[in-house]
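*Asks:* Please work out how this folds:
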Amino acid sequence: MTLMRLTLNTVHLFEDEEAGSTRMGLYVRVLDSAGGQVAEFRWNRRNGEVEDNFQYPLDGDQEFPSVLVFDIGGEPGGIGRINVKAYTDNDEHWPDEGHHENFLGEAEIVFDTREPSQLGQLLLGPTTTDNGHTG
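*Replies:* Numbering: from 1, shown residues only. Okay, here's the model as predicted:
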């Protein structure tokens with residue numbers, strides 16, 4: 001058993017690919033070495049609209065806490081992945097893979113709990129949108 005804590009701080013939205021008001025759905029999944037999901041975080045700015053070139057804090061929503069505690073498994077540690085995807089839509093409050101107007105991209109990082117140099121403060125992204133822009 002290898003307990004880990006992941007604290008999600010901010011997301012910087014470079015390009016939302018929409019003119020006018022739009023909403024964003026951000027999805028973070030933590031996967032173990034077998035590909036099983038061990039933790040998940042979702043964010044949509046509490047159903048609020050988002051703007052390009054703006055940084056948003058990810059904390060403050062009690063329904064979707066930005067601190068994840070999970071067991072990555074393995075003896076004495078293990079390899080895991082953090083995967084992030086984001087979508088936008090003018091009408092959907094929770095744009096996702098099946099319901100969105102634009103895909104803002106995907107980022108993933110692999111970490112090994114036995115290598116302290118791979119842990120600490122990590123930056124995922126930027127991503128590339130479905131229109132070829134920085135997401």
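*Asks:* residues in contact with Gly73?
*Replies:* With contact taken as Cβ atoms under 8 Å, 6 or more residues apart in numbering, Gly73 is in contact with Met1, Thr2, Asp32, Ser33, Ala34, Val38. C-beta: built from backbone N, CA, C; applies to glycine.
*Asks:* Ignore what I typed, I meant Leu68.
*Replies:* Neighbouring residues of Leu68 by Cβ under 8 Å, 6+ apart: Arg5, Leu6, Thr7, Leu8, Val28, Val30, Ala39, Glu40, Phe41.
*Asks:* For it, pull up the helix or strand it's in.
*Replies:* Element membership for Leu68, per DSSP states H and E: strand 67-71.
*Asks:* Run me through the strand neighbours of that strand, direction for each.
*Replies:* As defined by DSSP bridges, the strand partners of strand 67-71 come to strand 3-7 (antiparallel).
*Asks:* Quick one: mean pLDDT for the partner strand?
*Replies:* Mean per-residue pLDDT for strand 3-7: 90.
*Asks:* what's downstream of it, the next helix or strand?
*Replies:* Next along the chain after strand 3-7, taking DSSP H and E as the criterion, comes strand 10-13.
*Asks:* helices or strands up against that next one?
*Replies:* For strand 10-13, the elements it packs on are strand 54-57, judged by 3 or more Cβ pairs under 8 Å, 6 or more residues apart in numbering; DSSP states H and E.
*Asks:* Now do stretch 98-118: everything it contacts.
*Replies:* Contact with stretch 98-118 is made by 2, 4, 13, 15-18, 22, 24-25, 72, 74, 76-90, 92, 95, 119, 122, 124-131, 135, as judged by Cβ under 8 Å, 6+ apart.
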